[in-house]
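**Student:** got a structure for you, letters missing:
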């Protein structure tokens, strides 16, 4: 480390980043054609191609899912964050059936 840079005016960038598809694709194609490969993300290519880049408030909980460990971390966060509910399902409905001659009806494997 040679020096600590002031963070005033800096913002953290998150992914995914959102841009209009066709202009961004054209920028990627132009950069590739010109042999430019120094871009670190879509925002850098958009800036180079004069596509407007805006700051949008994000959340540190919006993590990038790239590697298997990222998915495992997201799964752990979600399983800890969501309330646990018992798997109880209740239905209420009205059902009408035409019956043939016979001495019983079987519903869900139960003879009635």
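**Tutor:** Nice, I can see it. Predicted model, so just to flag it, every value in this text is computed and none were measured.
**Student:** gap between residue 74 and residue 7?
**Tutor:** Counting by Cβ to Cβ, to the nearest Å, the gap from residue 74 to residue 7 is 28 Å. Yep, even glycine has a C-beta here, placed from its N, CA and C like the rest.
**Student:** show me where pLDDT drops low in this structure?
**Tutor:** Residues of the chain meeting the criterion pLDDT under 70: none.
**Student:** helices of that one, start to end?
**Tutor:** For the chain, the helices defined by DSSP state H occupy 21-33, 42-48, 68-81.
**Student:** just those: most buried one?
**Tutor:** Counting by mean count of other Cβ atoms under 10 Å, helix 42-48 has the highest mean neighbour count of the helices of the chain, with a mean of 17.
**Student:** for it, which outside residues touch it?
**Tutor:** Identification of contacts with helix 42-48 by Cβ atoms under 8 Å, 6 or more residues apart in numbering yields 13, 17, 19, 23, 24, 27, 28, 31, 36, 39, 52, 53.
**Student:** repeat that with 7 Å
**Tutor:** 13, 17, 19, 24, 27, 28, 31, 39, 53 (Cβ atoms under 7 Å, 6 or more residues apart in numbering).
**Student:** how far is it from where the chain is centred?
**Tutor:** On the basis of Cα atoms, centre = their mean, to the nearest Å, helix 42-48 sits 22 Å off its chain's mean C-alpha point.
**Student:** report the buried residues of stretch 98-105.
**Tutor:** Judged by neighbour count using 16 or more other Cβ atoms under 10 Å, stretch 98-105 contains no buried positions.
**Student:** what comes into contact with it?
**Tutor:** Residues outside stretch 98-105 that contact it (Cβ under 7 Å, 6+ apart) are 111, 112.
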